[in-house]
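*Asks:* pasting the sequence and the predicted coordinates here, then a few questions.
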Amino acid sequence: MRRLFVVAATGASLGACASISGLNEFTSSVHGTDATAPDFGDSGNASDTGAGSDAAGEERAEPDDAIGGGTQVDGEGGGDQSAPDDAGLADAVSTDGSGAGDARSDATPPHDAGSSEGGGSADATADAGAYGIGGQLAGLTPGETITLQDNLGDNLTLSNNGTFMFPTPVANGAPYAVTILTSPSSPIAQTCSLANAAGTVQTAPVMNVTVNCDLLAYFPLSGNANDASGYGHNGVVTGASLTTDRNGNMKSAYSFTGSGSIQATMPTGFLPSGAESRTLTAWLQPTQNTNMWGVVYWGMGNCTGQNFAIGDQANDLASFWSGCNDYESALLIPVNLWSFVAVVYSSATPTAITIYVNALSATGTITKLSTPNTGNLVMGADLVNLVEFMGNLDSIRVYGHALAAAEVQSIFTSSAP
C-alpha cells in the first residue's frame, strides 16, 4: 500500500504515441466504454451544473498564511489559507497504490488554534488533572465527513480539514487511542489513515494526532491560489488575474492571457509517481482554439513519460500528456464555454488512460506510466514546450487514487468551487 503525507504545447514533435479510442459515453466504470451517459443537461455549458456559491469552499478551517510553503502573489483574499510548517512529520495514508512508502510520510499539515467544523469544543486543558486530545485533518473532500473515536467511546465527526479536538479530556497518566470509526465514502470513497494516534497523556494536551485522506491538492481559486486540501501547498500566481467562475461568482477563477501561470511547490514524492493510481480534474474555459499539451500538469521534462497532464490539443480536443506516451481523445473542449475535464489512471489497468469531458468519457491505450517523483503542480502554462494557456481555469484537484466514473460525475455535477 502507498503511504501518503500526513497531512493535479504545442509541439509537432510530441506526436501522440497512444492509439485513440472512439468517443464513449459516460460510463458506470472508470474504464468502461459501453454504458449510456446519464443526461446532465447542456454538457457544453458548465453553468448549468448549478449556481452554488464559492463561499462553500471557504468554510473549512483556515490556518495563518504566515507559515512558509508557497507565497500567494495575488492580494485578493490572500489570508484565507496557509502553507504548512514542514517540521514535525509523521506517517499516514495508504492508498490503492504500488509498493513502498515515500515522502508523503514526512510532513504534516499546518496547525490551527481551535477546532474545525464538526469538531469538539473542549479546551485543550479541561482541568488540572485532564488534558485534551486533538490534532490535524487533511485531504478530506469538500462536503464529506469522517468520524473519529478516542478510547472506544469518545466520537468526533469532522466535515472540514484543519485542527480538531475531542470533546472529552483524558486524565493525566491515562492512555488515549484514536481510531477511524467511519471513513469518508460519499460521493467519493477516500482512503484515510492515522499517525501519532495512541499514547499516554503526560501533563500536557496532545495535539499531534494526524488524519490524512487522499485529496492531495485542491485549488478552488476563490479569491486566491491557496491549497484548500489541508496540506497547504499554496500556489504562486504570476501574470494571471482573478475572474468570474462557472457559477457566476466574481473573483473565483483565474484568467490567463498567454503570459502567466500558477505553480504550487510539492515536496519530492508527494504527488503520485511511477505507475501509482491518480486522478487530475479541472474546469477549463479556453478563449481561443488551443493546441497545448500541458494546461494543468506535474512532472518534469518531456520524453519519455515525464509528466501527467490535462491537455487541449488538435483543435480543442481533450488530451492526456505524458511525454511521447500520449493520448488525444475525440472529446471536444469548446471555445468560450466552461468544460469539466478529468484524467484518470489506475495501476490495476496500467496501459489505459481515461479522459472525461463533462458527462462523456473516452479511454485510450498508453504504455505503463513512469512519472518521476519530483515536479511542481503547474496551472495555465506548459513550461516544457513554452506554450501558455489562453482562457480561464477553476477548481483543480489531485486525488491519490483512480476515481470511479460515478465519483468523477459527482465532481462534475457539484457546485463546489
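*Replies:* Alright, I've got the coordinates.
*Asks:* report how many residues lie close to A240.
*Replies:* Neighbours of A240 under the rule other CB atoms under 10 Å: 27. All C-beta spots, glycine's among them, are computed from the backbone N, C-alpha and C.
*Asks:* measure it to L221 for me?
*Replies:* Look at A240 and L221: by CB to CB, to the nearest Å, they are 9 Å apart.
*Asks:* pull up the overlap in contacts between those two.
*Replies:* Listed as contacting both A240 and L221 by CB atoms under 8 Å, 6 or more residues apart in numbering are Y254.
*Asks:* tell me where the chain has helices.
*Replies:* 405-413 (DSSP state H).
*Asks:* can you pull the domain assignment for it?
*Replies:* Taking automatic domain parsing as the reference, the chain has its domains at 24-60+215-413, 103-213.
*Asks:* for stretch 190-198, which positions count as buried?
*Replies:* Of the residues in stretch 190-198, 190-197 count as buried by neighbour count, 16 or more other CB atoms under 10 Å.
*Asks:* which of the residues in stretch 248-259 are buried?
*Replies:* The neighbour-count check on stretch 248-259 (16+ other CB under 10 Å) flags 249, 251-256 as buried.
*Asks:* just checking, V209 touches L137?
*Replies:* No - if you go by CB atoms under 8 Å, V209 and L137 don't touch, sitting 9.3 Å apart.
*Asks:* tell me which of those two has more neighbours.
*Replies:* With other CB under 10 Å as the criterion, V209 and L137 differ in neighbour count, and L137 comes out ahead with 29 against 25.
*Asks:* tell me the confidence at N385?
*Replies:* Per-residue pLDDT puts N385 at 88.
*Asks:* any idea how far T141 is from T281?
*Replies:* 12 Å.
*Asks:* of these two, which one has the most company?
*Replies:* Using other CB under 10 Å, the more surrounded residue of T141 and T281 is T141, with 26 against 23.
*Asks:* burial count for F340?
*Replies:* Neighbourhood size, F340 [other CB under 10 Å]: 26.
*Asks:* name the nearest residue to it, sequence neighbours excluded.
*Replies:* In this structure, F340 finds its nearest non-sequential neighbour in F412, 4.5 Å apart by CB to CB, 6 or more residues apart in numbering.
*Asks:* returning to that earlier point: the buried residues of stretch 248-259 in strands, which ones?
*Replies:* 253-256 (DSSP state E).
*Asks:* okay, those in CSV with pLDDT and distance to T163 next?
*Replies:* Shown next, in CSV, are these (pLDDT from 0 to 100; distance: CB to CB, whole Å):
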residue, pLDDT, distance to T163
A253, 98, 29
Y254, 98, 28
S255, 97, 34
F256, 97, 34
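*Asks:* nearest to A225 among these?
*Replies:* Within those, the smallest distance to A225 is 7.1 Å, found for Y254 (CB to CB).
*Asks:* from N302, how far out is that closest one?
*Replies:* According to CB to CB, Y254 and N302 sit 25 Å apart.
*Asks:* how near is the residue nearest to F340 to N226?
*Replies:* From F412 to N226 the distance is 23 Å (CB to CB).
*Asks:* could the buried residues of stretch 248-259 go into CSV alongside distance to L377?
*Replies:* Formatted as CSV, the buried residues of stretch 248-259 follow (distance: CB to CB, whole Å):
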residue, distance to L377
N249, 23
K251, 21
S252, 19
A253, 17
Y254, 14
S255, 19
F256, 15
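*Asks:* ok, those residues vs T290, which is closest?
*Replies:* Each of the buried residues of stretch 248-259 was scored against T290 by CB to CB, and F256 proved nearest at 11.0 Å.
*Asks:* so who does that closest one touch?
*Replies:* Taking CB under 8 Å, 6+ apart, we find F256 in contact with 239-240, 380-381, 388-393.
*Asks:* taking those residues, please make a ChimeraX selection of just the buried ones.
*Replies:* To isolate the buried subset of these in ChimeraX, counting by 16+ other CB under 10 Å, use the following:
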select :240,380,381,388,389,390,391,392,393
